[in-house]
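Trainee: Quick one: sequence and predicted model below, then my questions.
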Amino acid sequence: MARQGAHQAAAPADIDPVKDLPEEEHSDTPDEVHAEPDAPADTPTERPTDIPAENAAEKPIGNAAPEPVSKPGSALTNTPMDTLLGTARKAPALTPTEARARNAARYAELNYAVDRLEPLPGTKVYMDGGHTDWHPVSSIVSRLLHAGVDNATGFALNVSHYQTDEDNAWYGRLISSCLAYVADGGNPAECPDQRWPRLRAERWLEVNVLNEPEEMKHFVTDTSRNGRGPWLPRAGSHADPQSWCNPPGRGLGMRPTTKTGDPLQDAALWVKTPGESDGQCLRGTEGPHDPERGMVDPEAGEWFPEQALELVRNAQPSL
């Protein structure tokens with residue numbers, strides 16, 4: 001979610017990731033089975049009644065109004081983890097009934113956040129839509145709809161990830177188009193996927209989505225670390241490459257701006273702080289060293305000077 005104060009009318013909004021919603025996890029492969037089924041369409045979405053009126057996300061930041069960007073991975077992944085990094089041991093599996101109950105609670109929290117924050121002055125809510133190498137379009141659209149995207153400004157892509165601007169723009173267009181198609185009575189399962197041949201997908205969009213950009217959900221993209229695109233480790237180089245975790249050789253991407261040249265993309269943002277560690281990356285080893293870097297990576301959220309220098313040196317466009 002992003003809020004822009006009146007004193008910043010001509011500048012990109014400040015961004016505050018809201019991470020006090022349920023846990024998120026990472027996946028190196030699209031559609032990895034580390035999620036239970038989505039909340040069913042007929043599951044009632046009840047608003048929590050025990051959340052304090054003075055929510056942390058609504059408190060002022062410094063002398064300015066709050067300017068949050070929502071990054072709640074709970075709409076994307078559903079399996080609890082003992083730890084998100086390192087060995088990342090999975091917690092005991094839930095029964096289908098338990099999974100449905102927990103998913104419904106998560107979606108209720110997400111709906112509550114949207115309903116509470118979107119009406120605030122100068123606030124726009126963008127819900128986490130993952131990235132191009134994860135969920136297919138039909139899956140992420142269903143999750144976004146359950147999470148309340150209808151009442152939000154739009155969705156955010158590539159948060160804390162490395163996918164290219166071109167891939168993010170195409171994925172964003174497909175998601176926005178599918179949301180419009182569903183709003184007109186369509187089935188998300190019929191929407192083009194990011195893995196479809198581009199020409200086939202373009203033809204489908206021309207026939208099935210006639211909405212103007214201003215009638216569709218918009219998106220923002222995190223470009224803080226995508227200047228060199230995703231890391232592609234050598235095949236077999238690591239038992240678990242953890243390609244999302246402090247990958248080497250990455251660079252800063254497009255500078256934050258609202259001038260994207262794309263009628264559906266409201267902004268390029270640096271949501272993830274460049275130089276902030278993703279955690280202690282073990283890549284399938286016992287650790288404690290990151291075998292790709294030959295050092296012990298800082299804990300998640302801590303400053304990682306070696307990575308920060310890499311991002312600056314490899315920035316694209318260059319600094």
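Mentor: That came through, no problem.
Trainee: Check whether Phe219 sits in a helix, strand or coil.
Mentor: strand (DSSP: H, G, I helix; E, B strand; the rest coil).
Trainee: Does it touch Thr153 like I think?
Mentor: No - the criterion here is CB atoms under 8 Å, and Phe219 misses it with Thr153 at 9.1 Å. C-beta coordinates here come from the backbone N, C-alpha and C atoms, glycine included.
Trainee: Who has more neighbours out of the two?
Mentor: Taking other CB atoms under 10 Å, Phe219 and Thr153 do not tie; Phe219 has more neighbours (27 against 19).
Trainee: Assumed Glu206 was part of a strand.
Mentor: No - looking at Glu206 with three-state DSSP, it is helix, so not inside a strand.
Trainee: what about it, distance to Gly185?
Mentor: As judged by CB to CB, to the nearest Å, Glu206 and Gly185 stand 18 Å apart.
Trainee: Between these two, tell me which one has more neighbours.
Mentor: Set side by side, Glu206 and Gly185 show more neighbours around Glu206, with 9 against 6, by other CB under 10 Å.
Trainee: can you tell me how far the more buried one sits from Glu214?
Mentor: From Glu206 over to Glu214 (counting by CB to CB), the distance is 19 Å.
Trainee: ok, now Gly227?
Mentor: Gly227 is 30 Å from Glu214, by CB to CB.
Trainee: Between the two, which is the more surrounded one?
Mentor: Neighbours per residue, other CB under 10 Å: of Gly227 and Glu214, the larger number sits with Gly227, 21 against 8.
Trainee: doesn't Gly249 make contact with the more buried one?
Mentor: No - between Gly227 and Gly249 there is no contact under CB under 8 Å: 10.5 Å.
Trainee: between the two, what contacts are shared?
Mentor: Shared contacts of Gly227 and Gly249, defined by CB atoms under 8 Å, 6 or more residues apart in numbering, comprise Asn314.
Trainee: Which neighbouring elements make contact with the longest helix along the chain?
Mentor: For the chain, the longest helix by residue count, based on DSSP state H, is helix 96-117. Secondary-structure packing of helix 96-117 (3 or more CB pairs under 8 Å, 6 or more residues apart in numbering; DSSP states H and E): strand 68-70, helix 137-147.
Trainee: Quick one: closest of these to Lys272.
Mentor: strand 68-70 (10.3 Å; CB to CB).
Trainee: Taking their axis directions, the longest helix of the chain and helix 137-147 sit at what angle?
Mentor: Angle, helix 96-117 to helix 137-147, by axes from the mean of the first three to the mean of the last three CA atoms, to 10 degrees: 70 degrees.
Trainee: Neighbours of Asp240, how many?
Mentor: When neighbours are defined as other CB under 10 Å, Asp240 has 14 of them.
Trainee: That one touches Pro291, doesn't it?
Mentor: No - the pair Asp240 / Pro291 is not scored as a contact, 10.6 Å apart, by CB under 8 Å.
Trainee: anything in contact with each of the two?
Mentor: Contact criterion CB under 8 Å, 6+ apart; residues bridging Asp240 and Pro291 by contacting each: 282-283.
Trainee: and the gap between the nearest residue to Gly129 once chain neighbours are set aside and Leu110?
Mentor: Distance criterion CB to CB, 6 or more residues apart in numbering; nearest residue to Gly129, sequence neighbours excluded, is Phe155 at 3.8 Å. When distance is defined by CB to CB, Phe155 is 12 Å away from Leu110.
Trainee: Ok, Thr273 next?
Mentor: For Thr273, the distance to Leu110 - CB to CB - is 23 Å.
Trainee: what ranges of the stretch 101-250 of the chain fall below the confidence cut-off?
Mentor: Within the stretch 101-250 of the chain, no stretch has pLDDT under 70.
Trainee: What ranges does it have for its helices?
Mentor: Ranges of helices within the stretch 101-250 of the chain are 137-147, 165-183, 198-208, based on DSSP state H, counting those that start in this stretch.
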